[in-house]
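S.K.: Just a sequence and a predicted model for now, questions to come.
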Amino acid sequence: MQGGPIKKASEALQLLLRSLPENCCFNVVSFGSNFDSLFKTSQPYSEESFLKALKHAQEMNANYGGTEIYNPLKWVFENSKNDMPTSIFLLTDGQVYNVDQIVELIKSSEEKKNDDLRLFSIGIGDSVSHNLVESVSRAGKGYAQFVTNNERMDKKILGMLKNAIKPPIKDYNITWTNQILDDNLPTETNPVDKPIISFFSDNTTPPTTDQKIFTNIKIQQAPYLIPPIYPGTRFIVYCILENGIEPCKEITLSGISTEGPIKLSVSLDPVALQGSKIHTLAARKLIQDLEEGSSFIHKHPKNSGKTIPNSLIREQVTNLGVTYSLASKYTSFLAIDERDNKLVAEVKSPPARRIVPVYAPSLVAMRCYAPIPASRAFFCAAIQTSMIGAAGLAPEANQSDEIDQVATDLSTITIKSKSPKIETLYKFLDLQSFDGSFLPSTKFYSWFDKNNFKDFEFIGIKNEKVLCLALAMAYLEIIMFETFKDECEMCYGKAKKALKKEVGDDEQKVNENLEKARKWVKKWADE
């Protein structure tokens, strides 16, 4: 990835770093054919660590080769802090061959962290593996997003950050029917008569016990285990009821949040649909659950502690694939073109002319260019309570991509424009410290066409730090929010927190100072 796309990714990482909460630890891991980390271990978010990471993001380039994700992810898991929740942001534009191995790594790491680990992924460009991006996010209980080479990723990655720093809702459950089913009854364990073993037996193989796997479930839900549901994302759950099972008139989704139980009831309006499209989609999701080891067969309480044979999974997947005409690990399509061999007519035509190229002699100097390889890996970012990792990009010789390059001279940007550019926002946020403060400086005052604090005495804000924070917040509200609210909302929140700290957590003083700043910024913007 060259030119504009890498520039946009670098800017998105910078904005992500600016938006991190103060009480987190973070790291940046760049990867490709090899990988390296900015810090040896996750560092507390401070002025020093922030500036170092920001410089790293600004200087990031495509020099990491192909895509190798397993080892950098393994390093991140092994070096993350165990005393706080971990969120990982994986950005890639490549493909790998060992998706299953990566998924197993994520699942095992999640178990070690007692489910205090989440992984969010963004796929970039047309060549990225959707299977990779979606599989790792499902295994990591996050979600996946995709962007094109010409699309900005700022809004999507900041949406992920907002969801990552919120404690997830857990233990989701959906009530599909009011009928009492055998599926939900407690499992009774009957004692197994084991054969008597002689004290002098040389056989070291333990006797086998016949484990009957429970498969006759009357409500097939897919996914069987409902993952965390995040604001701004779509989630679909399917349910196939056995004949004779009546659904509720109102289905209920329940879960457990940090503040206690939550519940959502949805009225069910029966609609007769023609065909079997919904059933096919449900079957596809059931197959996905079976292949990933998260189906009702694997996770039902009646099968707890039992070894699920691969032959049973294969049988279940094959039945679904054949019934609903779906391709899977064990089913595929075979197309047969049936033709009538009868000769209809014979057409005679003159032989076609062929143009044979004449090759230049071997001694003639020629210039040729190898095709530019598609870039493979991108950024991976991880934060603890959010930890940030970043992935590297495929190397390219020092060539400039004139088509994708954003050749905007920031010095010519109109900072008062009611339709500002994203580059204006980035330039303004350069004035903000890691803790959200906008410190007094010549550069800050010149942004508003002033020289110093005295030029703002007429506003009526006597504290210089309070003035700068109030002006910055008013500028973001009035100039930036209409177009880039999602991109700057978290930086605005950090500024508001810093302002509250300056006025002694007095909400009334915050509003008073902010209103004074708003009046001036509105007048200044209209000049």
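M.R.: The structure has been received and is ready for your questions.
S.K.: Next, the buried residues of stretch 422-438.
M.R.: 422, 424-426, 428-429, 432, 434, 436-438 (16 or more other C-beta atoms under 10 Å). For glycine as for every other residue, the C-beta is placed from the backbone atoms N, C-alpha and C.
S.K.: Can I get it in CSV, CA atoms only?
M.R.: The C-alpha trace of stretch 422-438 is given here as CSV (Å, rounded to 0.1, in the frame of the first residue of the first chain):
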residue,chain,number,x,y,z
ILE,A,422,-10.0,16.3,7.8
GLU,A,423,-6.5,17.7,7.4
THR,A,424,-7.6,20.9,9.2
LEU,A,425,-8.8,18.8,12.1
TYR,A,426,-5.5,16.9,12.3
LYS,A,427,-3.6,20.2,12.3
PHE,A,428,-5.7,21.7,15.1
LEU,A,429,-5.4,18.5,17.2
ASP,A,430,-1.7,18.8,17.0
LEU,A,431,-2.2,21.6,19.6
GLN,A,432,-3.8,19.2,22.1
SER,A,433,-1.8,17.5,24.8
PHE,A,434,-2.2,13.8,25.7
ASP,A,435,-4.4,14.7,28.7
GLY,A,436,-6.8,16.7,26.6
SER,A,437,-5.4,20.2,27.5
PHE,A,438,-4.8,22.9,24.9
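S.K.: now it, how far from the centre of its chain.
M.R.: How far stretch 422-438 lies from its chain's middle: 25 Å, per C-alpha atoms, centre = their mean, to the nearest Å.
S.K.: And stretch 116-136, by the same measure?
M.R.: The answer for stretch 116-136 is 6 Å, by C-alpha atoms, centre = their mean.
S.K.: And stretch 223-232, by the same measure?
M.R.: 13 Å.
S.K.: got it, and stretch 325-341?
M.R.: Worked out by C-alpha atoms, centre = their mean, stretch 325-341 lies 35 Å from the chain centre.
S.K.: before we move on, back to that, in JSON lines, list the buried residues of stretch 422-438 along with distance to residue 17 and pLDDT.
M.R.: As requested, these are exported to JSON lines (distance: C-beta to C-beta, whole Å; pLDDT from 0 to 100):
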{"residue": "422", "distance to residue 17": "16", "pLDDT": "88"}
{"residue": "424", "distance to residue 17": "19", "pLDDT": "92"}
{"residue": "425", "distance to residue 17": "15", "pLDDT": "93"}
{"residue": "426", "distance to residue 17": "12", "pLDDT": "90"}
{"residue": "428", "distance to residue 17": "16", "pLDDT": "95"}
{"residue": "429", "distance to residue 17": "10", "pLDDT": "94"}
{"residue": "432", "distance to residue 17": "11", "pLDDT": "95"}
{"residue": "434", "distance to residue 17": "8", "pLDDT": "94"}
{"residue": "436", "distance to residue 17": "13", "pLDDT": "94"}
{"residue": "437", "distance to residue 17": "16", "pLDDT": "95"}
{"residue": "438", "distance to residue 17": "17", "pLDDT": "96"}
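S.K.: could I get these as TSV with distance to residue 234 and secondary structure?
M.R.: Converted to TSV, these look like this (distance: C-beta to C-beta, whole Å; DSSP: H, G, I helix; E, B strand; the rest coil):
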residue	distance to residue 234	secondary structure
422	26	helix
424	32	helix
425	28	helix
426	30	helix
428	33	helix
429	30	helix
432	33	strand
434	34	coil
436	32	coil
437	37	coil
438	37	strand
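S.K.: Tell me the one among these nearest to residue 467.
M.R.: In terms of C-beta to C-beta, no member of the buried residues of stretch 422-438 lies closer to residue 467 than residue 438, at 9.4 Å.
S.K.: where's that closest one relative to residue 251, distance?
M.R.: Going from residue 438 to residue 251 by C-beta to C-beta, to the nearest Å gives 49 Å.
S.K.: ok, back up a step: what's the closest of the buried residues of stretch 422-438 to residue 224?
M.R.: residue 422 (41.7 Å).
S.K.: Buried residues, stretch 111-124. List them.
M.R.: Buried, per 16+ other C-beta under 10 Å, within stretch 111-124: 113, 116-124.
S.K.: what's the answer for stretch 456-472, then?
M.R.: Neighbour-count burial for stretch 456-472 [16+ other C-beta under 10 Å]: 456, 461, 465-472.
S.K.: same question, stretch 470-483
M.R.: 470-480, 483.
S.K.: Point out the other helices and strands that the longest helix seen in the chain packs with.
M.R.: Longest helix in the chain by number of residues, with DSSP state H as the criterion: helix 481-502. With contacts taken as 3 or more C-beta pairs under 8 Å, 6 or more residues apart in numbering; DSSP states H and E, helix 481-502 sits against helix 4-19, helix 154-164, helix 422-429, helix 464-475, helix 507-526.
S.K.: I'd like the mean pLDDT over the first one, please.
M.R.: The reference is to helix 4-19. Average pLDDT, helix 4-19: 81.
S.K.: Which elements pack onto it?
M.R.: By 3+ C-beta pairs under 8 Å, 6+ apart, helix 4-19 packs against helix 47-58, helix 154-164, strand 377-384, helix 422-429, helix 481-502.
S.K.: Now do the strands in this structure.
M.R.: 25-31, 35-37, 43-44, 86-92, 117-124, 144-147, 170-175, 219-222, 238-241, 250-257, 260-267, 377-384 (DSSP state E).
S.K.: Now do the first one against helix 47-58, angle only.
M.R.: Just to be clear, that refers to strand 25-31. Using axes from the mean of the first three to the mean of the last three C-alpha atoms, to 10 degrees, the direction of strand 25-31 lies 20 degrees away from that of helix 47-58.
S.K.: partner strands of strand 25-31, parallel or antiparallel?
M.R.: Counting by DSSP bridges, the strands paired with strand 25-31 are strand 35-37 (antiparallel), strand 43-44 (antiparallel), strand 377-384 (antiparallel).
S.K.: Next: the fifth one.
M.R.: Sheet pairing of strand 117-124 (DSSP bridges) gives strand 86-92 (parallel), strand 144-147 (parallel).
S.K.: can you tell me how far the nearest residue to residue 441 once chain neighbours are set aside sits from residue 476?
M.R.: Using C-beta to C-beta, 6 or more residues apart in numbering and skipping the chain neighbours, the partner closest in space to residue 441 is residue 431 (7.4 Å). If you measure residue 431 against residue 476 using C-beta to C-beta, the figure is 11 Å.
S.K.: Would you mark the buried spots in stretch 303-315?
M.R.: By neighbour count on 16+ other C-beta under 10 Å, the buried set for stretch 303-315 is 303, 308, 313.
S.K.: who touches that stretch?
M.R.: By C-beta atoms under 8 Å, 6 or more residues apart in numbering, the surrounding residues in contact with stretch 303-315 are 187, 211, 213-215, 290-291, 295, 297-298, 330.
S.K.: and what of stretch 36-48?
M.R.: Against stretch 36-48 from outside (C-beta under 8 Å, 6+ apart): 20-30, 49, 52-53, 56, 75, 79-81, 382, 384, 387, 389, 433-435.
S.K.: Now do stretch 467-485: distance to the chain's middle.
M.R.: With C-alpha atoms, centre = their mean, you get 28 Å for stretch 467-485.
S.K.: so for it, what's the average pLDDT?
M.R.: Mean pLDDT, stretch 467-485: 95.
S.K.: So what would you say the end-to-end distance of that stretch is?
M.R.: 22 Å (C-alpha to C-alpha, to the nearest Å).
S.K.: hmm, back to that, tell me the most buried of the helices and strands packed on helix 4-19?
M.R.: strand 377-384 (a mean of 30; mean count of other C-beta atoms under 10 Å).
S.K.: Look up how far residue 244 lies from the residue nearest to residue 441.
M.R.: 67 Å.
S.K.: hmm, back to that, redo the buried residues of stretch 422-438 as TSV? Include distance to residue 163.
M.R.: TSV is the format used below for the buried residues of stretch 422-438 (distance: C-beta to C-beta, whole Å):
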residue	distance to residue 163
422	22
424	27
425	22
426	23
428	25
429	21
432	23
434	22
436	20
437	26
438	27
